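Colleague: Okay, sequence plus prediction incoming.
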Amino acid sequence: MKGAQRIEHRQYFISMMYRVYILYSPSLDRFYVGQTNDLKNRIEEHNNGESSYTSGGTPWILIWSARKASFRAAESLEEKLKNLSRSRKIKFMYKNKELIALEIGPITAANIFAEIGDLRRFRSLKKLAGYIGISPGMYCSGDNERTLGPTPRSNRTIRSLIIEASWVAIRLDPVLQQYFRKHAGKDSKAAIFKVARKLLSRIHAVIRTGLSYEIGIIQ
């Protein structure tokens, strides 16, 4: 089988797999567990009121998902998660690596999405970073150009959450840790802003593509 055919075959196999997922409603402060073979469409149904269990409390935000090869396996995990208490659900999500944003955790993720809404409305990372205040401001005069630090116009709540998550991320993710060390020098605060932008880029990509978050691996 040729390379392109192998990739196509793998993508088809992934698309046919079942997903067990956990949604969170910031307004109800409640989790919902489900399973499906079309995650994107199912989340839209939840937020359009097409499911009686989630007709209230919108928006329902995806904070965790895991792939399973069969309906029976997905159903088994779904039942297990539904029987867990709230605290045990959170512990389970932290321990399992298919968390949508492992470094930021489910509750922080829910707070970010509740504050911003649908991240897909930002068509580029630059616009999202500018809204949060992670894009650096620039001073230009003639041939001189220098970085001023984070833009003053920002959502300070989300910015602080992303920064806090970035400090956690550099302990968990080898690639982000290496990136931080490369740029840290004498200014760790400037370096963590760079990490925050990189982490935000990953979160934005996860939301736009629907793919699971993966920890970076140093080649």
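Modeller: Perfect, I can see it now.
Colleague: which residues touch Phe122?
Modeller: Leu128, Tyr131, His204 (CB atoms under 8 Å, 6 or more residues apart in numbering). C-beta: built from backbone N, CA, C; applies to glycine.
Colleague: before we move on, which element is the last one in?
Modeller: Translated: His204. Using DSSP states H and E, the element containing His204 is helix 188-209.
Colleague: Only alpha carbons, please: show that helix as CSV.
Modeller: C-alpha atoms of helix 188-209 as CSV (Å, rounded to 0.1, in the frame of the first residue of the first chain):
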residue,chain,number,x,y,z
SER,A,188,11.1,34.1,32.0
LYS,A,189,7.9,36.2,31.8
ALA,A,190,8.5,37.1,28.2
ALA,A,191,9.2,33.4,27.5
ILE,A,192,6.0,32.2,29.1
PHE,A,193,4.0,34.6,26.9
LYS,A,194,5.6,32.9,23.9
VAL,A,195,4.6,29.5,25.3
ALA,A,196,1.1,30.9,26.0
ARG,A,197,0.7,31.9,22.3
LYS,A,198,1.9,28.4,21.2
LEU,A,199,-0.5,26.7,23.6
LEU,A,200,-3.3,29.0,22.4
SER,A,201,-2.5,28.0,18.8
ARG,A,202,-2.9,24.3,19.8
ILE,A,203,-6.3,24.9,21.5
HIS,A,204,-7.5,26.9,18.5
ALA,A,205,-6.5,24.1,16.1
VAL,A,206,-8.2,21.5,18.3
ILE,A,207,-11.5,23.5,18.3
ARG,A,208,-11.4,24.2,14.5
THR,A,209,-10.4,20.7,13.4
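Colleague: Now do the domain split for this structure, please.
Modeller: Listed by automatic domain parsing, the domain ranges of the chain are 3-96, 119-209.
Colleague: For Ile112, find the nearest of those domains.
Modeller: When the domains of the chain are compared for distance to Ile112 using CB to CB, the nearest one is domain 119-209, at 5.7 Å.
Colleague: same question for that closest one, mean pLDDT?
Modeller: On average, the pLDDT along domain 119-209 is 76.
Colleague: Please tell me how far Arg120 sits from Ile132.
Modeller: Going from Arg120 to Ile132 by CB to CB, to the nearest Å gives 15 Å.
Colleague: These two: which has the busier surroundings?
Modeller: Applying other CB atoms under 10 Å to Arg120 and Ile132 shows that Ile132 carries more neighbours, namely 27 against 9.
Colleague: could you show me where the strands are in the protein, in order?
Modeller: Applying DSSP state E to the chain gives strands spanning 18-25, 30-36, 61-68, 136-141, 144-150.
Colleague: Look up which residues are beta-bridged to Lys68.
Modeller: Note on Lys68: beta-bridge partners by DSSP bridges are Tyr18.
Colleague: Surely it and Thr36 touch.
Modeller: No - applying CB atoms under 8 Å, one finds Lys68 not in contact with Thr36, separated by 10.7 Å.
Colleague: Quick check: neighbours shared by these two?
Modeller: Tyr18, Arg19.
Colleague: picking up where we left off before, using JSON lines, lay out the domains of the chain together with distance to Ile112.
Modeller: What follows is the domains of the chain, written out as JSON lines (distance: least, CB to CB, whole Å):
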{"stretch": "domain 3-96", "distance to Ile112": "9"}
{"stretch": "domain 119-209", "distance to Ile112": "6"}
